[in-house]
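*Asks:* What would the 3D arrangement of this be:
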Amino acid sequence: MLGKKQEQRTEENSTAIQAGGDVNLTQNNGLMFSEVKELCLLFLRDNFPALRDEAVREAQSNVEIFATKLESELAHKIGSIALEKFRDPDVQAMINDAVQASARKGVKANPSVLIDLISERASIANDDFKDIVLSEAVLVVPKLTNAQISYLSFIHFMTSCSIGGISHISELEHHSKLALTAVSLGFNLSDSQKKHIQYAGACSIASMMHVDIYDGWSNIYKDLGYKSKEEFKIDIDKYCPITKTLLEQFEENGVSGQVTLTSVGQAIAIAHLSKSIGHLDYSIWIN
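*Replies:* Numbers count the residues shown, from 1 in each chain. This next block holds a predicted model:
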């Protein structure tokens, strides 16, 4: 469900991490992650020692941009970050994987998704299974295009999300508008691109399956008084043009239940959707 309340607490002490030398996360007038960039550049140096000068400059520029955004994201989410997790070799390896992808591909590595996954990996409320999924997701993200990630997000929003606390169907429109921004690039994806997503480990495809999306949504929002799918469709036509677009695209693009996201695919979709809709609780789906 979207909009679930989060409990946050702030860690007060600075934490040291190791990456081929001493790198510190420091706090001064509120938490400052001023050493994250240095950590990322150390990973760059260790993994790309033999690049030509031009390639070094481009890779370094890519990593500096990535590191600056990561630093900003961690500082923004300090209330939910457990600083001691940066001592964990697995967390450092996850950052290293993201740095290597960003160095090679720049924006094509989908850095905003990588950053959200890393910040979630460092969050207070994690368990071993979610940690494994998040680490695997960082490896998969650079193998997907932005359109393919949008497609995963489309599937997740349409089949696994519901809007709580609404009193009239028209209130879906605000959330649908935000979702449309995140998912529209994934409309009309070719079969070969969908198969690549499956190959990358983010979904499974069962072409014989079928889901009636209108039936599913009318059941989700039956508390609004809908006794049938037809009643629901009438109100969607009347009050919810953007929601109608999403529902029709789901039907017309041949999705209709054929695609099921893996836990890794869900994590990627949640990270991407969170940039448009607002923070989503990973633990609702990955548990």
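*Asks:* Which parts of the stretch 51-200 of the chain are helices?
*Replies:* In the stretch 51-200 of the chain, the helices defined using DSSP state H, counting those that start in this stretch lie at 53-76, 89-105, 111-121, 128-140, 146-160, 172-183, 191-200.
*Asks:* Worst mean pLDDT among the ones you listed?
*Replies:* When these are compared by mean pLDDT, helix 53-76 comes last with a mean of 86.
*Asks:* Can you point out the buried residues in that helix?
*Replies:* Across helix 53-76, burial judged by 16 or more other CB atoms under 10 Å covers Val56, Ala59, Gln60, Asn62, Val63, Phe66, Ala67, Lys69, Leu70, Glu71, Glu73, Leu74. Every residue, glycine included, has its C-beta placed from N, CA and C.
*Asks:* Could you check the angle it makes with helix 89-105?
*Replies:* Interaxial angle, helix 53-76 versus helix 89-105 (axes from the mean of the first three to the mean of the last three CA atoms, to 10 degrees): 130 degrees.
*Asks:* now helix 53-76, how far from the chain's geometric center?
*Replies:* Taking CA atoms, centre = their mean, to the nearest Å, the mean C-alpha location of helix 53-76 is offset from the chain mean by 19 Å.
*Asks:* Equivalent analysis for stretch 243-263, please.
*Replies:* 18 Å.
*Asks:* Could I have the CA atoms of that stretch written out in CSV?
*Replies:* Provided in CSV are the C-alpha atoms of stretch 243-263 (Å, rounded to 0.1, in the frame of the first residue of the first chain):
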residue,chain,number,x,y,z
THR,A,243,-5.9,5.9,-14.5
LYS,A,244,-7.8,4.8,-17.6
THR,A,245,-4.7,5.3,-19.7
LEU,A,246,-2.7,3.1,-17.4
LEU,A,247,-5.4,0.3,-17.3
GLU,A,248,-5.8,0.4,-21.1
GLN,A,249,-2.0,0.3,-21.7
PHE,A,250,-1.8,-2.7,-19.4
GLU,A,251,-4.4,-4.5,-21.6
GLU,A,252,-3.2,-3.3,-25.0
ASN,A,253,0.4,-4.1,-24.4
GLY,A,254,-0.3,-7.7,-23.9
VAL,A,255,0.9,-7.7,-20.3
SER,A,256,-2.4,-9.1,-18.8
GLY,A,257,-0.7,-11.2,-16.2
GLN,A,258,2.0,-12.7,-18.5
VAL,A,259,4.8,-11.0,-16.6
THR,A,260,5.7,-11.7,-13.0
LEU,A,261,8.5,-9.8,-11.3
THR,A,262,11.2,-11.5,-9.4
SER,A,263,12.2,-10.1,-6.0
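*Asks:* which residues touch that stretch?
*Replies:* Outside stretch 243-263, the residues that touch it by CB atoms under 8 Å, 6 or more residues apart in numbering are 133, 152, 154-160, 172-173, 176, 179-180, 183, 187-189, 194, 201-207, 209-214, 217, 236-237, 269, 286.
*Asks:* Tell me the predicted confidence for Lys227.
*Replies:* According to the model, Lys227 scores 89 on pLDDT.
*Asks:* Just put the helices of the stretch 51-200 of the chain in a markdown table and tack on distance to Thr245.
*Replies:* Listed next are the helices of the stretch 51-200 of the chain as a markdown table, based on distance: least, CB to CB, whole Å:
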| stretch | distance to Thr245 |
| --- | --- |
| helix 53-76 | 30 |
| helix 89-105 | 31 |
| helix 111-121 | 24 |
| helix 128-140 | 28 |
| helix 146-160 | 11 |
| helix 172-183 | 7 |
| helix 191-200 | 20 |
